[in-house]
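Participant: sharing a model prediction with you, sequence too.
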Amino acid sequence: MTAVLYYVHDPMCSWCWGFSSAITDLLQKLPQDIKVERLLGGLAKDSDVTMPESMQHYIKTNWSKIEDRIPGVKFNFDFWSKCTPRRSTYPACRAVIAARKQGNEFDMKMTRAIQQAYYQQARNPSDNSTLIELAGELGLAVTEFTKDLSSTETEQELINEINRSKELYAESYPSLVLVKDNESFTIPIEYTDSQAMLDAILDHINKN
């Protein structure tokens, strides 16, 4: 039997921020023979246009909903007054790929750094300048990161991951998809109950 659990996310997805604790708990409990692969779904393409007021209102409302639904999750609403918001998450996705090139462990570390910058520190991860600052704070080779951030290879890798996410029918983020012996199973997301997700995974694993 071969089994892979795909975690499909976007570093600027607010529900993914809310999912941080649950996915961490789940991965700690997951049997070691189940391989885990992280895929970037890519919420929003590059844009220099200021986010419309209606979109800003929608996202602020989502932030409040997440705070109400998931204990311990908080957002810094100063972002909306301190930054010029744009509906553009592809730069942050490329930053995760560029960081990963310097070590797989930096995939998760850069994702976390982007989330903390965006949701806690009121910094804008749609800006390459912010992403380059984060690379330095993580101890990455900044010159190499800056080059990779804008390279055609990184852009192609992002496209590949987005396409793979679509092939798995992961159309919302976060998503979990278990692939066992070429069969795919969508695992229902539970924001406060990692055990329920683990049980669902193990049910599929243990079926003949």
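Facilitator: That came through, no problem.
Participant: where exactly do the strands run in the chain?
Facilitator: Secondary structure of the chain (DSSP state E): strands located at 3-9, 35-40, 175-180, 183-187.
Participant: and Arg164, which of these is closest to it?
Facilitator: Nearest to Arg164, of all these, is strand 35-40, at 5.8 Å by C-beta to C-beta. Backbone N, C-alpha and C define where each C-beta goes, glycine included.
Participant: picking that back up, need the strands of the chain in CSV with mean neighbour count, distance to Ala99 and mean pLDDT, can you?
Facilitator: Supplementary listing: those in CSV, determined by neighbours: other C-beta atoms under 10 Å; distance: least, C-beta to C-beta, whole Å; pLDDT from 0 to 100:
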stretch, mean neighbour count, distance to Ala99, mean pLDDT
strand 3-9, 21, 14, 97
strand 35-40, 17, 12, 97
strand 175-180, 20, 22, 97
strand 183-187, 15, 26, 96
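Participant: can you list those strands in JSON lines and add distance to Ile97?
Facilitator: Below are those laid out as JSON lines (distance: least, C-beta to C-beta, whole Å):
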{"stretch": "strand 3-9", "distance to Ile97": "13"}
{"stretch": "strand 35-40", "distance to Ile97": "7"}
{"stretch": "strand 175-180", "distance to Ile97": "19"}
{"stretch": "strand 183-187", "distance to Ile97": "24"}
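Participant: which one of these lies nearest to Met55?
Facilitator: Closest of these to Met55 is strand 3-9, at 20.4 Å (criterion: C-beta to C-beta).
Participant: and that closest one, which strands flank it?
Facilitator: strand 35-40 (parallel), strand 175-180 (antiparallel) (DSSP bridges).
Participant: list of residues touching the first one?
Facilitator: What that stands for is strand 35-40. 2-11, 27, 30, 93, 96-97, 107-108, 111, 158, 161-162, 164-165, 168, 170 (C-beta atoms under 8 Å, 6 or more residues apart in numbering).
Participant: okay then, goodbye and thanks.
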